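Asker: structure for this input, please:
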Amino acid sequence: MSNHFGSAMTASHGHCVYCKRFLLADFDTFWASHEDHLYTRKHIKGANEKIVMACGVCNNLRGDYLPEAWESMPENELIDAIAEFIAQRRKAKEQDEYASWAVEKTEWAGNPSDSSDALVAEHGATKP
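Answerer: Purely as a prediction, here's the structure:
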């Protein structure tokens, strides 16, 4: 963990700044938490190294995304814009990738196919 970890965790009160997941809920959640560069390294080299806390899912879904007008946004608006981007990507991935894998997992577990149909219906995906 970097020197920024403690201050970023304290500033976020132990939550992911994007989805508000409590990162101290259990060891696995804590260990999967990430220090995220709010201003991504791709966009700013060596400048304003603002570190925030993110859960692993949000950090991975974000990638190096910054909204178009990021340079003129106050920090709280920037976080909200990134959170909205992440929420949209999360929803799309849940409907596409997760739903199809969840169907496979249900079938691997030997559950009846009607269970996988229910999973697919719940997430709005189609069976592969």
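Asker: mind jotting down where the strands sit in this protein?
Answerer: 34-37, 51-54 (DSSP state E).
Asker: which residues does the last one contact?
Answerer: Contacts of strand 51-54 from elsewhere in the structure, counted by C-beta atoms under 8 Å, 6 or more residues apart in numbering, are 2, 4-5, 7-9, 11-12, 14-18, 23, 33-38, 62, 79. All C-beta spots, glycine's among them, are computed from the backbone N, C-alpha and C.
Asker: ok, now the first one?
Answerer: By C-beta under 8 Å, 6+ apart, the surrounding residues in contact with strand 34-37 are 1-2, 4-5, 8, 17, 49-56, 58-59, 62.
Asker: pLDDT on that strand, on average?
Answerer: Average pLDDT, strand 34-37: 93.
Asker: also stretch 22-30?
Answerer: 97.
Asker: repeat that for stretch 89-96.
Answerer: 89.
Asker: pull the distance from it to the chain's centre.
Answerer: Mean C-alpha position of stretch 89-96 versus that of the full chain (C-alpha atoms, centre = their mean, to the nearest Å) differs by 11 Å.
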